[in-house]
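*Asks:* with the sequence up front, the predicted model follows.
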Protein chains: 2
Amino acid sequence: MQLDEAKSKFIQAWGALGSSWGVPRTMAQIHALLLVSPQALTTEEVMEALQISRGNANMSLRNLLDWGLVEKEVHMGERKEFFKAPKDTMYMAKQVAVQRKKRELEPMLRALQEVKEVEGNDKETQEFRSLISDIDGFARQSESMLNLFISSQQNWFMKAIMKLAGKQ
Amino acid sequence: MQLDEAKSKFIQAWGALGSSWGVPRTMAQIHALLLVSPQALTTEEVMEALQISRGNANMSLRNLLDWGLVEKEVHMGERKEFFKAPKDTMYMAKQVAVQRKKRELEPMLRALQEVKEVEGNDKETQEFRSLISDIDGFARQSESMLNLFISSQQNWFMKAIMKLAGKQ
DNA sequence: CTTTATTTTCAAATATTTTTGAAAGTTTAG
DNA sequence: CTAAACTTTCAAAAATATTTGAAAATAAAG
């Protein structure tokens, strides 16, 4: 397999992965493109490489900046902005963890808190409360786990988990 | 807050959570509805409660069965099928882990394997190979972690991780 | 076997999400 | 200041995903 073909397959696969996890396909593809590019690219180059519009390229790049998955770079004497993607996998995973925690886990915890306030003491209400507090407990444990991962040094978290394998 | 209002809020929140993780909103809502229902429900009852069509209810329930998040129940003397959702949070989380591993992690591992076969020894190709093998390493660690979680007893995995918190 | 209840299928309709592209906005150079 | 380079915005268009509903299939009852 030639490098170009391999890059293209990787870009497709990364796009598909994003898509099935609720990340717009193009945004994931741009991320992949920047990951496999030796140098930082301009908006024009991203548009050209993925055959997408300026608006799309611009918005997707801005979102990737928000996610902390892409960084801007200024080149001396050049007016355009260049974009590059940090290639450290653990760093990427932590950025994604930070964002999804903020965007999905925290709103869910708030919703569970609200719904806990339900009135009544009949059996059905008690069972409802019990379900909600089970889910809430799990959500809080997940939050702690994510915090541990996010604030851990480099590969510590994954290594520590691998070590748990024998102990169960 | 009244029980009905609380149930409805929970159903909405669960639907939104699913939606932002690539699970069809209605499928997640049906799951939530069954979680908060004291008894098993028929397709008719699901249609009525969520105001959705028969086709939608049927397909979503079938998918939930595939995911292992919903079970069929037969009632003596009744011809229709009844559906209920196991309310054990850890069990649910494990089912989701099994399915997402199969549907997204494994295809990604295969794609990475393919793309590793790239020919050439120039600097750019070497950097590409290095990126792919980093991502592959992380993906494999994730897979091991999921396997550990999936096959662990009850709450063992989460508890073990909580205990790691002080040790870093 | 025939009738009726129930479930499944799937093409078409609808809804939602993503993408486009042109106009407006901003920044830098001269 | 003015013009050119570049970026951002956003309404409309296109693409994609979801939902509908009626017809077909299946299963149970009589």
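*Replies:* Yep, that arrived.
*Asks:* ok, stretch A:73-85 near chain B or not?
*Replies:* No: Stretch A:73-85 stays clear of chain B (C-beta under 8 Å from any C-beta of the partner chain), getting no nearer than 9.9 Å. (C-beta placed from N, C-alpha, C; glycine too.)
*Asks:* list the buried residues of that stretch.
*Replies:* A:Phe82, A:Phe83, A:Lys84, A:Ala85 (16 or more other C-beta atoms under 10 Å in any protein chain shown).
*Asks:* DNA strand D: which of the residues you listed is nearest?
*Replies:* A:Phe82 (8.0 Å; C-beta to the nearest atom of the strand).
*Asks:* so that closest one bridges to which residues?
*Replies:* Taking DSSP bridges as the rule, A:Phe82 bridges to A:Thr42, A:Glu73.
*Asks:* for chain A, which residues are neighbours of DNA strand C?
*Replies:* Residues of chain A lying close to DNA strand C (C-beta under 7 Å from any atom of the strand) are A:22, A:24-27, A:51-56, A:59-60, A:79.
*Asks:* picking that back up, of all the buried residues of stretch A:73-85, which comes closest to A:Val118?
*Replies:* Nearest to A:Val118 among the buried residues of stretch A:73-85: A:Ala85, at 45.5 Å, using C-beta to C-beta.
*Asks:* one step back: can you narrow the residues of chain A next to DNA strand C to ones near DNA strand D?
*Replies:* A:Arg54, A:Gly55, A:Met59, A:Arg79.
*Asks:* just checking, which of the residues you listed belong to helices?
*Replies:* A:Arg54, A:Gly55, A:Met59 (DSSP state H).
*Asks:* show me which of the ones next to DNA strand D among the residues of chain A next to DNA strand C is closest to B:Thr42.
*Replies:* Nearest member of these to B:Thr42, counting by C-beta to C-beta, is A:Met59, at 44.8 Å.
*Asks:* could you dump the buried residues of stretch A:73-85 to CSV with pLDDT?
*Replies:* CSV is the format used below for the buried residues of stretch A:73-85 (pLDDT from 0 to 100):
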residue, pLDDT
A:Phe82, 97
A:Phe83, 97
A:Lys84, 97
A:Ala85, 97
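*Asks:* among those residues, which one sits closest to chain B?
*Replies:* A:Ala85 (9.9 Å; C-beta to the nearest C-beta).
*Asks:* and the residue nearest to the spatial centre of chain A, how far is that from DNA strand C?
*Replies:* In chain A, the residue lying closest to the centroid (C-alpha atoms, centre = their mean) is A:Val96, at 2.7 Å. As judged by C-beta to the nearest atom of the strand, to the nearest Å, A:Val96 and DNA strand C stand 16 Å apart.
*Asks:* give me the three-state assignment for that residue.
*Replies:* helix (DSSP: H, G, I helix; E, B strand; the rest coil).
*Asks:* could you measure from the closest residue to it other than its chain neighbours over to B:Ile132?
*Replies:* Leaving aside its chain neighbours, A:Val96 sits nearest to A:Trp67 (7.1 Å; criterion: C-beta to C-beta, 6 or more residues apart in numbering or on different chains). According to C-beta to C-beta, to the nearest Å, A:Trp67 stands 21 Å off from B:Ile132.
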